[in-house]
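[1] Just need the structure, nothing else, for what follows:
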Amino acid sequence: MLCRQLHTTNPSEMWFVFGGQPLRFSLKEFHDATGLSCCDFPPQSELEAATTHADGSSPYWYQLIGGTPGAVTVKELLARLKREPTMPSWRKFRLCLVVIVEGIILCRSQPVKASVEVVEMVKDIAFFLKYPWGRHSFHRILRTAKVGSYILDTASLVAKLRQSSVAIHGFPLAIQLFAFKYVPLLLKYLPHAEEEFNFLDQVIPRLPKCKSYHSSNILHVEYSRHLLVLPPPPADATFLASPHCDPKVKQLEGLIASSFNFDKSIWPGGDSSLPSLRCSRKRKCNHCQSDSSSSAEETDVKKVKRGLRSRSKLKVKRSQTLHPKN
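    Predicted coordinates for the structure are as follows:
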């Protein structure tokens, strides 16, 4: 997805093109994918009071963790939680919150360390839980993943997108969850895609390894004649973070609203200097062939559609359970 970005001047969102169809990843899509709080940030005065210690008092770090402030990694905190089963509940709870926020939601470059500001915030549990960690995480993603404004020419843009790797801060898994929602055909390469269990529904003694998507899988989906890319929903004023709007994006949103028929031919350009992507021999992949003999693919598509219908029914059942009819 990151290599399929559109270069826009909108600072609060990213646009992609997949299979010739435009996709928007804004704060709204991030919130829909994660469920994290994305409300407005608290006033600067409240934030400064929560992230700094009062004059004449010592930082909360010394009481909660000890040692040199900012020198402890998240991995060390996890080891401490496992090593001290009799740790007081007030300390255990706060350390767990620090691990979740620093190690998952605001994750930075390795090794990830607990920040003095987050540790100071956890002193006030009510303020900590009310803070919009989702908005904070989303801003970190944009800062590290979005094609920035310092693009001098086409060559510099191509060089940026041709990087073999990029370190993304925040919670980049949200981009993958976003892709699964708006490109449902990708789910056919995800094991047990129809399941919606979470940690509250079942006990998971050990997390399985994340399945990586091979380039041939993505290309097969992108060039499939069964590809369906859901259009971006209308912009929600609740999640608007900037009054600026790129005129080209405004025109693109107008075309989407008018149900314009997008295809690959209307997106000219691209870079072909890299070697062609081919299927791995070890995987014995036949998906890069034409769709002339795609009976297996049609079966997969039916499975995806059936999985989406079952999810809808499951949500209806849960809704009826939570809100029974009188």
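[2] In contact with the closest residue in space to Cys39 that isn't next to it in sequence, which residues?
    Of all residues not flanking Cys39 in the chain, Pro132 sits nearest, at 4.8 Å (C-beta to C-beta, 6 or more residues apart in numbering). Placement of C-beta: from N, CA and C, glycine included. Under the criterion of C-beta atoms under 8 Å, 6 or more residues apart in numbering, the contact list for Pro132 reads Leu36, Ser37, Cys38, Cys39, Asp40, Phe41.
[3] isn't the fourth one right next to Phe138, touching?
    This means Cys39. No. In terms of C-beta atoms under 8 Å, Cys39 does not count as a neighbour of Phe138; the distance is 12.0 Å.
[4] Tell me which of the two has more neighbours.
    Neighbour count, other C-beta atoms under 10 Å: between Cys39 and Phe138, Phe138 has more, with 27 against 13.
[5] and that one, what helix or strand is that in?
    In the assignment (DSSP states H and E), Phe138 maps to helix 133-145.
[6] Can you tell me what sits against that helix?
    Helix 133-145 is contacted from outside by 2, 11-14, 27, 30-31, 34-41, 101, 105-106, 108, 166-172, 174-175, 241, using C-beta under 8 Å, 6+ apart.
[7] Same check on stretch 45-59?
    The set of residues that contact stretch 45-59 without belonging to it, under C-beta under 8 Å, 6+ apart, is 41-42, 60, 69, 116-121, 124, 127-128.
[8] if we go to 10 Å?
    Residues external to stretch 45-59 that are found in contact with it (C-beta atoms under 10 Å, 6 or more residues apart in numbering): 41-43, 60-62, 65, 69-70, 115-124, 127-128, 131.
[9] Then stretch 68-82?
    58-62, 65-67, 87, 91-92, 95-96, 98-104, 107-108, 110-117, 119-120.
[10] can you do 7 Å?
    By C-beta atoms under 7 Å, 6 or more residues apart in numbering, the surrounding residues in contact with stretch 68-82 are 59, 61, 65, 92, 95-96, 98-99, 102-103, 111-116.
[11] Just the buried ones among those residues, please.
    Those of the contacts of stretch 68-82 that meet the buried threshold are 59, 61, 65, 95, 98-99, 102-103, 112-116, by 16 or more other C-beta atoms under 10 Å.
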